[in-house]
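Visitor: Give me coordinates for this.
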Amino acid sequence: MIVLLIIFTLFTTRFTKENENYLSKQDTNIIKGFFLFFVFVGHSLAYVSYNYYHLDILGLKINGRLEQLVVVMFLFYSGFGIMEQLKQRSNIYIKEMPKRRIFTTWFRFAVAVTIFMIVSQFMRSNNFTIIKYIRALFGLSHFGNSNWYIYCILNLYIIAYLSLKTFKNKNARIISMFIGTVIYCLYTKYIFRAPRMWYGTSFCFVFGVSFSTYKEKIEEFFKNKEFITFILILISFLILYKLRKINFILYVLQTIFFAMLVLLVTRKIKIKNFPLEWMGRNLFPLYIYQRLPMMVLCNYRILVDYPHLFFIICFALTVLITFLYNFIIRKTKSFCTKYSKT
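Guide: Numbering: from 1, shown residues only. Below you'll find the model as predicted:
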């Protein structure tokens, strides 16, 4: 599946001297959709038997090598997007951030958790407790749903909001977010005792914030030096990747260098791929709800023994869930708007 994705993406890619829109919503959604497919494959592997073909082995090796790097650009683009919105809307955006960014994300996640909990109980797993449900609402536990990413991004949103609200100076804001992310990592590792995947890529969010803040200066510095810059960053990334298990700092650096590689590549290519763009645009429901059909269909042996069929059906059902999700969101917004005017 992954090899087919790469081939499909290459067919919709053309090289260009300079892609000025490499950080536009359309282009970033395509990259998010590309890596979201990797996430989907990775999650589905936990539910199926290992009956693969030669191309599958190659794709799985690529997916295995990437590990948590598949979510790096999600976090980078989130940090970058917050600062771009701040440039456009200034203090109004900061004022609305608790409601539009933090609460909205949490509420939609809470709805998803409730749905997973109901399905989980319907399947007679008998693992429900009030305490577990409350913890699951904040990503501290789960009912089969993905939780670590939401736990991470909500904490980063809160850190970003407090930093933007407290400081006016752009350097102070970045330093504050960096310190806040360090505290988040220490708490998650030593107090919550979560594995590295819960916090290891979090500094890519701060990198996204920093890149947006100094975008013009960074691009001017690298102007006409793209090739040598790419080679140096690639070599640095490969070295850091090999050393990533030695300590946490090296792990963090390899995630940031990976983000830099993606940025340099996307500056030199233009991808026109509507399916991937749609996936990136609908990242939240596709990411959060993809495990729902997986946890239901894994009970059917005939599907588990045929991973390709399992993957296709689960992917199709997740797409249907996403269309339903978007329909409900539109109707809810329409109702709220109409109600507020009466």
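Visitor: Could you give the average pLDDT over the longest helix belonging to the chain?
Guide: Longest helix of the chain, by residue count under DSSP state H: helix 307-341. Averaging the model's pLDDT scores along helix 307-341 yields 87.
Visitor: Against which helices or strands is it packed?
Guide: helix 25-44, helix 283-289, helix 291-297, helix 301-304 (3 or more C-beta pairs under 8 Å, 6 or more residues apart in numbering; DSSP states H and E). Every residue, glycine included, has its C-beta placed from N, CA and C.
Visitor: let's go with 10 Å and repeat that
Guide: Here helix 307-341 touches helix 25-44, helix 104-122, helix 274-281, helix 283-289, helix 291-297, helix 301-304, going by 3 or more C-beta pairs under 10 Å, 6 or more residues apart in numbering; DSSP states H and E.
Visitor: Which of the ones you listed comes out lowest on mean pLDDT?
Guide: Looking at the helices and strands packed on helix 307-341, the bottom one is helix 301-304 with a mean of 82.
Visitor: List the contacts of that one.
Guide: Helix 301-304 has contacts (C-beta atoms under 10 Å, 6 or more residues apart in numbering) with 47-49, 51, 294, 297-298, 309-314.
Visitor: what do you get if the cut-off is 6 Å, keeping everything else the same?
Guide: Helix 301-304 is contacted by residues 48-49, 297-298, 310 when judged by C-beta atoms under 6 Å, 6 or more residues apart in numbering.
Visitor: From these, pick the one nearest residue 196.
Guide: Residue 196 lies nearest to residue 48 out of the contacts of helix 301-304, by C-beta to C-beta, at 25.4 Å.
Visitor: if I look at the closest one, how far off is residue 301?
Guide: Distance, residue 48 to residue 301, using C-beta to C-beta, to the nearest Å: 11 Å.
Visitor: So which of those two has more stuff around it?
Guide: Comparing residue 48 with residue 301 by other C-beta atoms under 10 Å, the one with more neighbours is residue 48, at 21 against 9.
Visitor: quick one on the thing from earlier: of all the helices and strands packed on helix 307-341, which one is nearest residue 201?
Guide: Closest to residue 201 of those is helix 25-44 (C-beta to C-beta; 11.7 Å).
Visitor: still on that earlier bit, can I get the helices and strands packed on helix 307-341 in a markdown table including distance to residue 82?
Guide: As requested, the helices and strands packed on helix 307-341 are exported to a markdown table (distance: least, C-beta to C-beta, whole Å):
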| stretch | distance to residue 82 |
| --- | --- |
| helix 25-44 | 13 |
| helix 104-122 | 12 |
| helix 274-281 | 17 |
| helix 283-289 | 15 |
| helix 291-297 | 27 |
| helix 301-304 | 40 |
